[in-house]
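Trainee: Build me a model:
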Amino acid sequence: MGTITRNFANNILGTGEVDATDGVNGTIPATNVADASLNNVTSLPSSVGYAIKSVASDPPSLNAGEIFYNSTAGAFKALVNVEALSSGSNLNTARSYNNGTGTQTAALFATGYNGTAGVNNTEEYNGSGWSNSGNYPGSYYGTAITGTQTAAVGYGGYTGGFQTLTTEYDGSTWTNVPGTLSVGRYLMGRAGTQTTALAIAGGIPGGRSAVVDSYDGTTWTAIASVNDARESLGASGTQTAALAFGGDSPGAVSNSEEYDGTSWTEGNNLNTARNFIMNGSGTQTSTITFGGNSPAITGGESYDGTSWVTSSATLATARGNVGSSTSSGTSALFFGGATDPGAVTTSTEEYNSSTNTTVAAAWSSGGTLGTSRDGHGAGGTQTAGIVFGGSIAPGNTANTEEYDGSTWTEVNNLNTARRQTTGVGTQTAALIAGGYTTANSAATEEYDGTSWTSSGNLATNRRNGGHFGVQTASLYCGGYDVPDPNSNVIQEYNGSTWTNLVATLVDGGNAIAATGTTSAGLLFGGSSPTPRGNQSEEWNGTSMSAGGTMLTTKYDRASANQSPSTDALSAGGGIPAQTTVEGYDGTAWSTRPSISTATNSAKGGGTASAAFIAGGGPGFGPIFNTTQEFTGETITQVAKTLSSS
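Mentor: Have a look, this model is predicted:
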């Protein structure tokens, strides 16, 4: 290439630095400028901006506003901000008339109206699902709650009268505290934290209030009132920078007011007058709200500190009195509420305004088994799964099938046909133990990816135990033994021999689901005279201890049995069969998206974010040949094609 006129230096040093020790005239010799240093430029400094580059496929990572040319598609594309709502896991208890608090991945919802009366239920959201927590001290609705999932305050509400009480939450327990509102009321707006909260307006006997109370962690004090008395309004922000909007005054209103720590000032109105809001997430300069009104609506609006803008996202379920998180106007959670004509809902939706695209966790249909079955063994992953044995009604099957993520293919059979059996391992290294032939069996077989080979028998004949581990190291727990139908015995396999351990289950049982390894295992659900059906037990390599209590009581659940014990998935189970799905994080069970077909005695493999369950049945009657696949939430960048207008 040619020479470059220099402006600030007489040479470029070998280190790449500029020698600026003399003059500002002359040229840089061509020999000092390599072609590659210009031809291979891949980025520019932020002060310059982003160059438009030509690529054959969309880059995996982009900056907001960056434009590129996709030569394969023949189109200019850019990463732009997108508003979207995606489905989250449902609440355990359907309800409305409360507002909630927290973040999108750590939200809190307590009390509410179940369509008949107030309730005291408390639920926590962990970004994947809802789990139950300590009950509120009373069954109220219209209570205001603000703060975080581990430090919240609840106040007011209604149950046979308008309440003034205050209750604080520490992440597990609600405790009544001395402070009381200046005026008993419900359906208030809320803002602030556990120790710096606002109670804004609300419903009072025979009407609506404009009163605002401020909380310092001990005492409530009446401060400047809002300009417009209202109830069921939306609110957000802090104790010194709050926002109140909409509500019933009576009838839906569009008024919006800002608080600066001293007084309330009317701001620009909502685009759509709405009452029955009860939500709002964000700050005084960045808030998002959805739903409201009767008939209920799906629309939402965002506030930027000056104006309200109608959101391009809409709720999948039209509803009013929707609860929400409080922390962010760009990453929020909306849950519960009342649909028309007044039915309450468990629906949860996640809102994001970002350059990322969120695809909600969901179940979908997979390939069809060649042989319908239930009570079988299974293992492997969502794209390399295996099932073997089971009941084919009438009788048992020795049939084995392998799964490639779309199609099941029959391979070599078990040596012993059986049902009510268990399995662990992978598509190339699986293990089956126990089951029922014409009686309980102790037979054990290993699969090497081609054929089954008999190995050492269980120490005692049994069926329907909980089985976790791998082909060369697993534990078989409990099960139906004779004469004990709810055994508490634990047997360990070392790749050739089974040995009874001294350790036993906390609660004996059968029809138990399991996952994990011989150093960190998990059992859950089951059938026994004890409350086994909603219990879980954790194995630490030496002994069993009680784990988290499940949300539902049932047996013959399907497990994603390649999951670690701290990230487990339970699907279906029970008679009649259910669609409910739960996830475990090592401490608590929480809701997950439901399977589409209620299923009992299905078996599965994979992980908590990429699972499959196959076969099963409704509990009585037909046996299924279906496969259901679970894919966890995914977040990706998606560039948008630019077009002229």
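Trainee: Surely Val55 and Ser71 touch.
Mentor: Yes - look at Val55 against Ser71 with Cβ atoms under 8 Å: they come within range, at 6.9 Å. No exception for glycine: its C-beta is placed from N, CA and C like everyone else's.
Trainee: Quickly list what's touching both of those two.
Mentor: The contact sets of Val55 and Ser71 do not overlap (Cβ atoms under 8 Å, 6 or more residues apart in numbering).
Trainee: so what are the domain limits for the chain?
Mentor: Using automatic domain parsing, the domain ranges for the chain come out as 1-41, 84-354, 363-631.
Trainee: Mind checking the ones you listed for the one nearest to Thr641?
Mentor: Thr641 lies closest to domain 84-354 among the domains of the chain, at 17.1 Å (Cβ to Cβ).
Trainee: Dig out what Ala514 forms beta bridges with.
Mentor: Leu523 (DSSP bridges).
Trainee: how close does it sit to Asp170?
Mentor: Separation of Ala514 from Asp170 (Cβ to Cβ, to the nearest Å): 33 Å.
Trainee: Between the two, which is the more surrounded one?
Mentor: Shown here are Ala514 and Asp170; by other Cβ atoms under 10 Å, Ala514 has more neighbours (30 against 12).
Trainee: Which per-residue confidence value corresponds to that one?
Mentor: We note a pLDDT of 98 for Ala514 in this prediction.
Trainee: likewise the one 10 residues further on?
Mentor: The predicted local distance difference test score for Phe524 is 98.
Trainee: same deal with Ser61?
Mentor: Predicted confidence (pLDDT) for Ser61: 76.
Trainee: The closest residue to it other than its chain neighbours and Leu85: what is the separation?
Mentor: Among residues not flanking Ser61 along the chain, Gln637 sits closest, at 6.7 Å (Cβ to Cβ, 6 or more residues apart in numbering). Distance check for Gln637 against Leu85: by Cβ to Cβ, it reads 18 Å.
Trainee: Of the two, which one has the most company?
Mentor: Leu85 (21 against 16).
Trainee: need the contact list for that one.
Mentor: Contacts of Leu85 (Cβ under 8 Å, 6+ apart): Phe290, Ala313, Thr314, Leu315, Ala316, Phe334, Glu349, Glu350, Tyr351.
Trainee: Now name the helix or strand holding the spatially most central residue of the chain.
Mentor: By Cα atoms, centre = their mean, the mean C-alpha position of the chain lies nearest to Ser128, the distance being 1.2 Å. Using DSSP states H and E, Ser128 sits within no helix or strand.
Trainee: What segments of the stretch 501-645 of the chain are strands?
Mentor: Using DSSP state E, counting those that start in this stretch, the strands of the stretch 501-645 of the chain run over 513-516, 521-524, 536-539, 544-546, 558-559, 568-571, 581-584, 589-592, 603-607, 610-614, 627-631, 634-637, 640-641.
Trainee: Put together JSON lines for those strands, with distance to Asn413 on each row.
Mentor: Formatted as JSON lines, the strands of the stretch 501-645 of the chain follow (distance: least, Cβ to Cβ, whole Å):
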{"stretch": "strand 513-516", "distance to Asn413": "25"}
{"stretch": "strand 521-524", "distance to Asn413": "29"}
{"stretch": "strand 536-539", "distance to Asn413": "32"}
{"stretch": "strand 544-546", "distance to Asn413": "34"}
{"stretch": "strand 558-559", "distance to Asn413": "23"}
{"stretch": "strand 568-571", "distance to Asn413": "27"}
{"stretch": "strand 581-584", "distance to Asn413": "31"}
{"stretch": "strand 589-592", "distance to Asn413": "34"}
{"stretch": "strand 603-607", "distance to Asn413": "17"}
{"stretch": "strand 610-614", "distance to Asn413": "17"}
{"stretch": "strand 627-631", "distance to Asn413": "20"}
{"stretch": "strand 634-637", "distance to Asn413": "38"}
{"stretch": "strand 640-641", "distance to Asn413": "52"}
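Trainee: so which of those comes closest to Gly380?
Mentor: strand 603-607 (4.6 Å).
Trainee: gap between Ser172 and Leu91?
Mentor: 19 Å.
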